[in-house]
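*Asks:* Sequence and predicted structure are below.
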Amino acid sequence: MSSENGPEQGGAQDAPPEQLALIRETVRRTQTPRAKPRTWRGAALAKELPVARVLVDKGVLHLDRYFDYAVPEELDAEAQPGVRVRVRFGAGRHRVRDGRREGGGLIDGFLVERLAESDYAGPLAALAQVVSPERILDEELLGLVRSVADRYAGSVADVLQLAVPPRNARAEKRESPQPLPAPPVPEPGSWARYEQGAAFVAALASGGAPRAVWNALPGPHWAEELARAVAATLASGRGALVVLPDGRAVARADAALTALLGEGRHAVLTADAGPEKRYAQWLAVRRGAVRAVVGTRGAMFAPVRDLGLVALWDDGDDSHSEPHAPQPHAREVLLLRAAQDRCAFLLGGWSCTVDAAQLVETGWARPLVATREQVRGAAPLVRTVGDQDLARDEAARAARLPTLAWQAVREGLRHGPVLVQVPRRGYVPRMACAACRTPARCRHCSGPLEGQESASALRCGWCGREEGAWHCPECGAFRLRAQVVGARRTAEELGRAFPAVPVRTSGREHVLDTVSGAPALIVSTPGAEPVAEGGYAAALLLDGWAMLGRPDLRSGEDALRRWLAAAALVRPQSAGGTVVAVAEPTLRPVQALVRWDPVGHALRELAERAELGFPPVSRMAAVAGPPEAVGGFLDAVELPPEAEVLGPVPLPVTAAGRPRRVGAPPPGEHWERALVRVPPGRGAALAGALKAAQATRTARGSDTAVWVRIDPPDIG
């Protein structure tokens, strides 16, 4: 400070540190030039709060901030926080032509707040247009979007594109229905089958916020149980949100809610509804006319008023992972909402993921399970066929189906339909012990070992180190084998074996929703199994190695989840229901299937991952791109000191020349990927460091793509 301010300076030095900091901040603000509430075109401005803070729809990280604009007087009434606006943005905004500033191109944005003045030290461009007076974005939704962006090292604009559906003018003109009064408290119903089921429903009805991981019993009652949880939440005067993996599951939950509560109590948000209907439903929720939502992945951001419950069904399904940047998972978004709104949380499914088990192990959620007697009474009989059985079975060698499977089909067709689950094609094999089938892993980082075409040594898929003297840590064997790849032509073989029985298929091209209870063979890929009237009489789970051999960390968990989803559609053992799984019976996922114990399997997997430093105990991020770009990014990023970098290693390239599940480089371009691992509690620091480094690259105009993904799903 200059000498002419000496007396003030001396007084400041004698002040306490807190007052000294306040004085310095006050001086800084008074000396910083402020933007005048005017525009470069000299238009008349709003008399009060003439500055609009706008979030522009530019999904690049270095522009992930707010920009100030002047509010013309003619837009004063409509330019309210939360509305969609159009503003001039780009290089043209800063050009000067003929002594006047020239505006840039028009882009969309959201008006976040109105201010009396701006920190920008120059004249402000004016809002070009208020697209609609409908106030779409409130503080609650903006806070959630910001939290998701920070969690996944993404931009707020990208998350907003996922959270807010595109505008439809006809839908905005519709009047939303009047909200209905709260329904009566429902009876527990089939929740009484679970040890704490009735208490959970009662807690929701009384306004509580219980958090539970629900291991659902096999059978068709899960949709009704979800509906009763929603009804109990509505009875307390609060809202509810249920996210399901696909449209078929949404249809079942929709039907259950309608049967329990009647029409008009809930909204359905799916992409299949079409833009106008979906936006109209979304607006009804935003306006508070409807307080319950069921939908697919996109509904995880639904702006439900007074949120009292968030529920997710089958969190292990790939459909819950958003493919668009920043690729959030519905489970993590609902966890953020439960914390932000202090509401109840319900994570349910026939199986149990390791992430769900961790919520219970840390004490964040409570288990919601049935007794072993209830499980045995609802589950079918599960039998297995392993390699030794297949080697001794003449029928299996001739027709590629074991005798036990033929017998189960023949017996099941006498009483009803039979389900045959065949794995999808295209699973990539990984290496495992030829004797005991233990996956081959790197001694340095525990990543998956992969064979190389031009060398006898194995190479780690994570850190790239070669392993020339591998031996199995479980049995000591030295021989390796590749897992089974692809699905067999089972449908044709069964059709020839049972010519008098109709054979129907359900898969990617055509998915069946339901089938009748008449005898038939239903051949389905995992996740496309239709519901049979009265349940299936039997089920065959074929080619188990095709799913267990997937080259990612969740192969065993995912195989068990898919098996349980198919077996849950089969009649109970007391009604003759039988499941035959063609998989090695000594493997942990197969044993969990036979015992119907997904929780025990998830807990053992969680303990192993904690020991090896795998997710979800640790946090991981993937950095992928051309080799020189990945190397430069890793050199520039300021990672937390605890971070461990694994790799980079080359990524597999498909026939189209694109690395698997990473991005979209030009055809023929080879990419590399590095994994960054941090211990528990450092995930936010890792995401922040990666986001800052990516923002710096984009600000400098780098034309080489580098893809960053938090919690990559395909680590081996």
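*Replies:* Received, thanks.

*Asks:* okay, the closest residue to Leu61 other than its chain neighbours: pLDDT?
*Replies:* If the residues on either side of it in the chain are set aside, Leu61 comes closest to Ala695, at 3.7 Å by CB to CB, 6 or more residues apart in numbering. (Each C-beta comes from the backbone N, C-alpha and C, glycine too.) Residue-level confidence at Ala695 comes out at 91, pLDDT.

*Asks:* which of the residues in the strand or helix carrying Ala695 are buried?
*Replies:* According to DSSP states H and E, Ala695 maps onto helix 683-699. By neighbour count, with 16 or more other CB atoms under 10 Å as the criterion, the buried positions of helix 683-699 are Gly683, Ala685, Leu686, Ala687, Ala689, Leu690, Lys691, Ala692, Ala693, Gln694, Ala695, Arg697.

*Asks:* which residues sit in contact with the nearest residue to Glu411 once chain neighbours are set aside?
*Replies:* With CB to CB, 6+ apart as the measure, Ala538 is the residue that lies nearest to Glu411, at 6.9 Å, once sequence neighbours are left out. Contacts for Ala538 (CB atoms under 8 Å, 6 or more residues apart in numbering) come out as Ala408, Val409, Glu411, Gly412, Val418, Leu419, Val570, Gly577, Thr578, Val579, Val580.

*Asks:* buried residues in the helix or strand hosting the second one?
*Replies:* Mapping Val409 onto the secondary structure by DSSP H and E places it in helix 403-413. Residues of helix 403-413 classed as buried by neighbour count (16+ other CB under 10 Å): Thr403, Leu404, Ala405, Trp406, Ala408, Val409, Gly412, Leu413.

*Asks:* Moving C-terminal from that helix, which element do we reach first?
*Replies:* Downstream of helix 403-413, the first helix or strand assigned by DSSP H and E is strand 418-421.

*Asks:* by contact count, what packs against the helix or strand just after that following strand?
*Replies:* Past strand 418-421, further along toward the C-terminus, the next helix or strand under DSSP H and E is strand 431-433. For strand 431-433, the contact count by 3 or more CB pairs under 8 Å, 6 or more residues apart in numbering; DSSP states H and E identifies strand 449-452, strand 480-482 as packing neighbours.

*Asks:* any idea which of those strands scores lowest on pLDDT?
*Replies:* Looking at those, the lowest mean pLDDT belongs to strand 480-482 (a mean of 66).

*Asks:* now the helix holding Val409, how far from the centre of its chain.
*Replies:* How far helix 403-413 lies from its chain's middle: 38 Å, per CA atoms, centre = their mean, to the nearest Å.

*Asks:* same question, stretch 567-580
*Replies:* Between the centre of stretch 567-580 and the centre of its host chain there is 31 Å, according to CA atoms, centre = their mean.

*Asks:* quick revisit: would you convert the buried residues of helix 683-699 into a markdown table that also reports distance to Arg248?
*Replies:* Below are the buried residues of helix 683-699 laid out as a markdown table (distance: CB to CB, whole Å):
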| residue | distance to Arg248 |
| --- | --- |
| Gly683 | 34 |
| Ala685 | 40 |
| Leu686 | 37 |
| Ala687 | 34 |
| Ala689 | 41 |
| Leu690 | 36 |
| Lys691 | 36 |
| Ala692 | 42 |
| Ala693 | 41 |
| Gln694 | 37 |
| Ala695 | 40 |
| Arg697 | 42 |
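
*Asks:* Kindly indicate which of those lies nearest Leu587.
*Replies:* Nearest to Leu587 among the buried residues of helix 683-699: Gly683, at 31.2 Å, using CB to CB.

*Asks:* any idea how far that closest one is from Arg84?
*Replies:* Here the criterion is CB to CB, to the nearest Å. By it, Gly683 lies 33 Å from Arg84.

*Asks:* follow-up on the earlier one: let me see the contact set for the residue nearest to Leu61.
*Replies:* If you count contacts by CB under 8 Å, 6+ apart, Ala695 has them with Leu61, His62, Asp64.

*Asks:* quick one: which of those residues is nearest Cys472?
*Replies:* Within the contacts of Ala695, the smallest distance to Cys472 is 44.9 Å, found for Leu61 (CB to CB).

*Asks:* wouldn't that closest one be in contact with Gln694 here?
*Replies:* Yes: using CB atoms under 8 Å as the test, Leu61 is close enough to Gln694 to be in contact (5.2 Å).

*Asks:* so what's Val485 scoring on pLDDT?
*Replies:* Confidence for Val485, expressed as pLDDT, is 33.

*Asks:* What average pLDDT does whichever strand in the chain runs longest get?
*Replies:* Of all the segments assigned as strand in the chain under DSSP state E, the longest by residue count is strand 105-115. When the per-residue pLDDT values of strand 105-115 are averaged, the result is 93.

*Asks:* List the contacts of it.
*Replies:* Residues beyond strand 105-115 that count as contacts (CB under 8 Å, 6+ apart) turn out to be 49, 51-58, 66-68, 71, 79-90, 92, 127-131, 136-137, 142, 160.

*Asks:* Now tell me which helix or strand of the chain has the poorest mean pLDDT.
*Replies:* Among the secondary structure pieces of the chain, namely its helices and strands, strand 95-97 has the lowest mean (mean pLDDT, DSSP states H and E), a mean of 33.

*Asks:* quick revisit: now the longest strand of the chain: buried residues?
*Replies:* Residues Ile107, Asp108, Gly109, Phe110, Leu111, Val112, Arg114 are the ones in strand 105-115 that count as buried (16+ other CB under 10 Å).

*Asks:* Next up, phi/psi of the residue nearest to Glu411, please.
*Replies:* The phi/psi pair for Ala538 (degrees, to the nearest 10) reads phi -160, psi 170.

*Asks:* roughly how far apart are it and Ala592?
*Replies:* Ala538 sits 20 Å away from Ala592 when distances are taken as CB to CB.

*Asks:* element containing the closest residue to Arg238 other than its chain neighbours?
*Replies:* Spatial nearest neighbour of Arg238, excluding adjacent residues (CB to CB, 6+ apart): Gly308 at 2.7 Å. With elements delineated by DSSP H and E, Gly308 resides in strand 307-313, which encompasses its position.

*Asks:* so where is the stretch 301-450 of the chain shaky, pLDDT-wise?
*Replies:* Counting by pLDDT under 70, the stretch 301-450 of the chain has low-confidence residues at 387-401, 424-430, 437.

*Asks:* can you pull out the helices in it?
*Replies:* Applying DSSP state H, counting those that start in this stretch to the stretch 301-450 of the chain gives helices spanning 330-341, 354-361, 372-378, 387-392, 394-399, 403-413.

*Asks:* Just list what the longest one packs against, helices and strands only.
*Replies:* Applying 3+ CB pairs under 8 Å, 6+ apart, one finds that helix 330-341 makes contact with helix 139-151, strand 239-243, strand 307-313, strand 344-349.

*Asks:* Let me know which of those is the nearest to Pro530.
*Replies:* Each of the helices and strands packed on helix 330-341 was checked against Pro530 via CB to CB, and the shortest separation belongs to strand 307-313, namely 17.5 Å.

*Asks:* Note down every partner strand of that closest one and its orientation.
*Replies:* With DSSP bridges as the test, strand 307-313 is paired with strand 239-243 (parallel), strand 344-349 (parallel).

*Asks:* Most tightly packed of these?
*Replies:* The highest mean neighbour count among the strands paired with strand 307-313 belongs to strand 239-243 (a mean of 29), with neighbours defined as mean count of other CB atoms under 10 Å.

*Asks:* Kindly tell me how buried Pro380 is, as a neighbour count.
*Replies:* Residue neighbour count, defined by other CB atoms under 10 Å, stands at 25 for Pro380.
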